[in-house]
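**Q** Could you work out the structure for the sequence below:
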Amino acid sequence: MHRSHCVRPVLDPGFIPAALWTRDYRRRIDEAGACEQVSIALLRPDDSCSVFRTRILPAGCGSEEANRRHVERTLKMLLWQRSGNRALISGCDALVPHLREAYSPHGVRHFDNEFVGKRVYGTDLEIMACPERELPAARENELSLGGNLDGCRIGFDLGGSDRKCAAVIDGCVVFSEEIEWEPYFEPDPAYHIDGIQDTLRRAAEHLPRVDAIGGSAAGVYVNNQVRFASLFRGVASDVFESRIRRLFLDLRAQWGNVPFDVVNDGEVTALAGAMSMKRHALLGLSMGTSLASGYITAAGHLTSWINELAFAPVDYREDAPVDEWSGDHGAGAQYLSQQAVARLAPLAGFDFPDQMPYPEQLLEVQQQMHNGDARAADIYSTIGTYLGYSLAHYAEFYDIQNVLLLGRVATGHGGGVIIEQAATVLREAFPARADQIEIHTLNETQKRHGQAVAALRQMGEGFGCIVVETEFWGAMSDPNLVVEADAALVADLVAATALHVGEVARNPYHLRLPAWMQDNVRRGGELVGGQGHAAPDFSFATLYRIRRWQHGALTQVLGDGEMLAMGSDRLGELFAWK
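**A** Residues are numbered from 1 along each chain as shown. Predicted coordinates for the structure are as follows:
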């Protein structure tokens, strides 16, 4: 198989991206001038069904191994993306016995049978050949969730290195906390149960009552039952069944049977992105202790898919890194999580102790990235290359227009490198995908905006004021006001920011301030004036979004955007409350 790379990961040149392998395989099909059509239908007990179609090389041209790899890796991806306990496959009857054996309780993919089959659906996976005409039609279940912030609520997230919680009153966060813990490999169910209960109690202490509880964690949860989750991997199977599977149902009873829902943390990532950015066709990826993922359809709905991309293959080389839990090669968690940082660290030249926990390794790499260490930059560049190729592969299975990155690996200076490198891969290797997919993070501007709105809601229905949003934490996509600044004001700002000695020692942003304010003139002309609008005759400018808070909602102050010269009387008019 041809292995041309437009962009190679600097620390892992042997990486064979699934997207490139598949593209080269399709090229062979086109050159052969013939193909076989293959359809894979995944059926689930709730009568929903996913159908995926692909092509393989015709038999008898030395294609058997390539066909087997393509179909098996595609089935693996579909099982962990969409799930199902029955797979009906048409168009490649000769390959079905191999797949059935591989995904049997004693086959090389016994992990997939155990977790996708038995843990999620209570049965072994069933893989059968089926004529195309007898395949069922696709039937997907979709649902809308989220947006309810009224009352007194507790939200929690269970990660591999910490437990997070927040107490919320009518959308306003009154308490939040992170507590470190080490759930992986912990065999005692009491450790998990007591830890979660402690987190809920600590949040409840800050509420007059508890109206609802919502949580997220890595894994698959069906009707609030734990079907499988990496958090509980250390718990023996029989103990898992007796103490963990119904854990959240038991907690709901202990909390007076208030509404209590737990979902996969990747779904929460995607839902948060869709709500905050008002974007759909969104794949959420949380790059933390492992890789969590979730998806919002183009219609703005969640699906019944499990979206466990931590186990979906993204590297097709035969000797790809082995996932220590599933035992398979090239699984996503090895490339897009703290596990990737730990795997790449020695290749970059870091010499961490063997027993150093992954979160601590990540913190050290982040610190060195902050210090300008080229070794850390190589790690983030490599992960960014992985991400770019993985997104191209995921786009074969999802309708993706937006990607939201969360998780500790994607934070800080290194997160910017990851996004930039992923965008480079898409642009150079998959230009059509680059035009289609936009990568986002939830920056501090969006976080502060949410906090400000929650605070305004606390002021009561009769309260009103002018709200001005700035670009202090990040650029806005839709400002509506450009305000001129002269050279003297810019000089004062540079002098003032230079007094932040510790900050400018790490990042001399005060020196870049004039250039940024000059570019704001151009940006203001396009974003506020409109595409193709002439830039104002300013040397420097700052962009804002100004709106009115009235009757419990933000409303527009300006019909169209405005560009105001320094000292304009119009500023006073805008801030006058009417």
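
**Q** can you list the domains in this structure?
**A** What automatic domain parsing lists as the domains of the chain is 34-134, 152-210+212-258, 268-442, 445-575.

**Q** tell me which element the residue lying closest to G84 once chain neighbours are set aside falls in.
**A** Distance criterion CB to CB, 6 or more residues apart in numbering; nearest residue to G84, sequence neighbours excluded, is L42 at 3.1 Å. Where you see a C-beta, it was placed from the backbone N, CA and C, and this is true even at glycine. Assessed by DSSP states H and E, L42 sits inside strand 36-43.

**Q** Which strands border that strand, and is each parallel or antiparallel?
**A** Here strand 36-43 is paired, per DSSP bridges, with strand 49-56 (antiparallel), strand 86-90 (antiparallel).

**Q** now for the domains of the chain, which one comes closest to L20?
**A** Closest to L20 of the domains of the chain is domain 268-442 (CB to CB; 6.8 Å).

**Q** From one end of the closest one to the other, what's the distance?
**A** Length of domain 268-442, first residue to last, CA to CA, to the nearest Å: 13 Å.

**Q** same question, stretch 178-196
**A** 12 Å.

**Q** which residues are contacting it?
**A** 156, 158, 160-164, 198-199, 230-236, 239-240, 243-244, 247, 251, 289, 357 (CB atoms under 8 Å, 6 or more residues apart in numbering).

**Q** Could you pick out which of those are located in helices?
**A** D198, T199, V239, L247, L251 (DSSP state H).

**Q** now H206: how far from D492?
**A** Between H206 and D492 the computed distance is 42 Å (CB to CB, to the nearest Å).

**Q** That should have said S337, apologies.
**A** Relative to D492, and taking CB to CB, S337 is found at 45 Å.

**Q** So which of the two has more stuff around it?
**A** S337 (27 against 11; other CB atoms under 10 Å).

**Q** Skip the chain neighbours and tell me the closest residue to that one.
**A** Nearest non-adjacent residue to S337 (CB to CB, 6+ apart): L291, at 4.7 Å.

**Q** May I have the beta-bridge partners of that neighbour?
**A** For L291, the beta-bridge partners are M287 (DSSP bridges).

**Q** Give me the contact list for stretch 47-62.
**A** Residues outside stretch 47-62 that contact it (CB under 8 Å, 6+ apart): 25-26, 28-29, 32, 34-43, 63, 66-67, 70-71, 74, 78, 82, 84, 91-92, 94, 135-141, 304-305, 397.

**Q** quick one on the thing from earlier: relative to M277, which of the ones in helices among the contacts of stretch 178-196 is nearest.
**A** Using CB to CB, the ones in helices among the contacts of stretch 178-196 come closest to M277 at T199, 28.0 Å.

**Q** quick one, what contacts the closest one?
**A** Here T199 is in contact with F156, R163, C165, E177, I179 (CB under 8 Å, 6+ apart).

**Q** circling back: give me the beta-bridge partners of the residue nearest to G84?
**A** Counting by DSSP bridges, L42 forms beta bridges with S50, A87.

**Q** returning to what we had before: are any of the contacts of T199 buried, and which?
**A** By neighbour count, with 16 or more other CB atoms under 10 Å, the contacts of T199 hold F156, R163, C165 as buried.

**Q** where does the stretch 51-200 of the chain dip in pLDDT?
**A** Under the criterion pLDDT under 70, the flagged ranges of the stretch 51-200 of the chain are 144-149.

**Q** and H110, how many neighbours?
**A** 18.

**Q** Let the chain start at 33 from now.
**A** Done: numbering now begins at 33, and the last item shifts to H142.

**Q** so it touches S136, yeah?
**A** Yes - at 7.0 Å, H142 counts as touching S136 under the criterion of CB atoms under 8 Å.

**Q** got a list of what L43 touches?
**A** L376, L379, A380, D410, I411, S413, T414.

**Q** and the longest strand for the protein?
**A** As assigned by DSSP state E, the longest strand anywhere in the chain is strand 572-582.

**Q** rewinding a little: mind checking which of the buried ones among the contacts of T231 land in strands?
**A** Going by DSSP E, the strands hold F188, R195, C197 from those.

**Q** was I right about the first one contacting I245?
**A** Yes - shown here, F188 and I245 form a contact pair, counting by CB under 8 Å, at 7.5 Å.

**Q** any common contacting residues for the two?
**A** Common neighbours of F188 and I245 (criterion: CB under 8 Å, 6+ apart): L232.

**Q** just to revisit the earlier point, give the buried subset of the contacts of L43 as a ChimeraX selection command.
**A** A single ChimeraX command selects the buried members of the contacts of L43 (16+ other CB under 10 Å):
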select :376,380,410,411,413,414
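
**Q** Between which two of the contacts of L43 is the distance greatest?
**A** Every pair of those checked by CB to CB; the farthest is L379 and S413, at 12.1 Å.

**Q** Now the element after the longest strand of the chain, going C-ward?
**A** Next element after strand 572-582 (DSSP H and E): strand 585-588.

**Q** Direction included, what does that next one pair up with?
**A** Strand 585-588 is paired, per DSSP bridges, with strand 572-582 (antiparallel).

**Q** show me the residues around I201 that make contact.
**A** G183, C184, R185, L239, Q490.

**Q** Need the contact partners of the host helix or strand of the third one.
**A** Element membership of R185, judged by DSSP H and E, is strand 184-190. By CB under 8 Å, 6+ apart, the residues outside strand 184-190 that reach it are 195-201, 215, 228, 231-232, 235-236, 239-250, 263, 297, 300.

**Q** Now find how far off-centre that strand is within its chain.
**A** 19 Å (CA atoms, centre = their mean, to the nearest Å).

**Q** got the CA coordinates for that strand in PDB?
**A** What follows is strand 184-190, C-alpha atoms only, in PDB (Å, rounded to 0.1, in the frame of the first residue of the first chain):
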ATOM      1  CA  CYS A 184     -31.100  24.400  42.100                       C
ATOM      2  CA  ARG A 185     -29.000  21.900  40.300                       C
ATOM      3  CA  ILE A 186     -25.800  19.900  40.700                       C
ATOM      4  CA  GLY A 187     -23.600  19.100  37.800                       C
ATOM      5  CA  PHE A 188     -20.600  16.700  38.100                       C
ATOM      6  CA  ASP A 189     -18.000  15.200  35.800                       C
ATOM      7  CA  LEU A 190     -16.000  12.100  36.700                       C
END
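
**Q** Pull up the pairing partners for that strand, direction included.
**A** strand 194-201 (antiparallel), strand 244-249 (parallel).

**Q** Thanks a lot, catch you later.
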